[in-house]
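K.L.:
predicted model, plus sequence, below.
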Amino acid sequence: MNFLLKKMIKVGITGGIGSGKTTISKIFETLNIPLFNADIEAKKLFETEEVKKFYLAHFGDAVFSENKLDRQKISNILFSAPDKLMLVNSFIHPLVVELFDNWTIKHIHADYVLKESAILFETGLYKDLDYNILVTAPVETRIKRIIERDKLPQEQIELRMANQWTDEAKVPLADFVIENEDNSLVIKKVLDIHQKILASIKK
């Protein structure tokens, strides 16, 4: 196959905090589907001078600890100030998009690639992808998972959830939905979606 002529199929996977989207993404990885975690890549950018200068210019020393960006301090500010969160996203997201585009070129041999992002729909970046998978779970389940994982107080978790769209708002935009409750047969659901994507590529 001439990979230069091949159209790379890009699939997004998203879900609210505590939905378990990362767990679902790892199942796709076992199927040899390359995964780009936009949230992790965005965190790596915190080490770059470009991003440090941005935060210093807009937030001052308040978001630094020992001359390093303090993600906890930033989170505390952003999740209680939607306007500042929008400002940061408008700066960070184009940088992550560029990283994803460069990363995708390196995986042209794959059947398709997966892009995991917590706010894929909120940012409108889902429109640049061929398919989008939404991972959902009941709010009570999500809160329980986050408390166990991150040891955060419930009030802070609910504040973070308030800055993300509800599942009801996301479902109409998704091509596939995986209900990730504790008793769900998620592996079967992932395999089903995987086969449907592969079938669409062969058409």
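P.N.:
Thanks, I have the structure now.
K.L.:
dihedrals phi and psi, Glu179?
P.N.:
Backbone torsions of Glu179, given as degrees, to the nearest 10, read phi -80, psi 110.
K.L.:
all helices for this protein, in order.
P.N.:
Secondary structure of the chain (DSSP state H): helices located at 21-29, 38-44, 49-59, 71-78, 82-105, 120-123, 139-150, 154-162, 167-170, 186-202.
K.L.:
for the second one, name the packing helices and strands.
P.N.:
Packing partners of helix 38-44 (3 or more Cβ pairs under 8 Å, 6 or more residues apart in numbering; DSSP states H and E): helix 82-105, strand 113-116. Every residue, glycine included, has its C-beta placed from N, CA and C.
K.L.:
quick one: the ones you listed as a markdown table, columns for distance to Phe54 and mean neighbour count too.
P.N.:
As requested, the helices and strands packed on helix 38-44 are exported to a markdown table (distance: least, Cβ to Cβ, whole Å; neighbours: other Cβ atoms under 10 Å):
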| stretch | distance to Phe54 | mean neighbour count |
| --- | --- | --- |
| helix 82-105 | 6 | 14 |
| strand 113-116 | 23 | 25 |
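K.L.:
okay, these in a markdown table with mean pLDDT next?
P.N.:
Compiled in a markdown table, the helices and strands packed on helix 38-44 are given as follows (pLDDT from 0 to 100):
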| stretch | mean pLDDT |
| --- | --- |
| helix 82-105 | 92 |
| strand 113-116 | 98 |
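K.L.:
out of these, flag the one nearest Glu140.
P.N.:
Distance to Glu140, taken as Cβ to Cβ, is lowest for strand 113-116 among those, at 23.5 Å.
K.L.:
what about stretch 154-171, start to end distance?
P.N.:
Terminal residues of stretch 154-171 are spaced 25 Å apart (Cα to Cα, to the nearest Å).
K.L.:
circling back to that earlier point, for Val113, find the nearest of the helices of the chain.
P.N.:
Using Cβ to Cβ, the helices of the chain put helix 82-105 closest to Val113, at 5.8 Å.
K.L.:
returning to what we had before: of the helices of the chain, which stretch is the most buried?
P.N.:
helix 120-123 (a mean of 21; mean count of other Cβ atoms under 10 Å).
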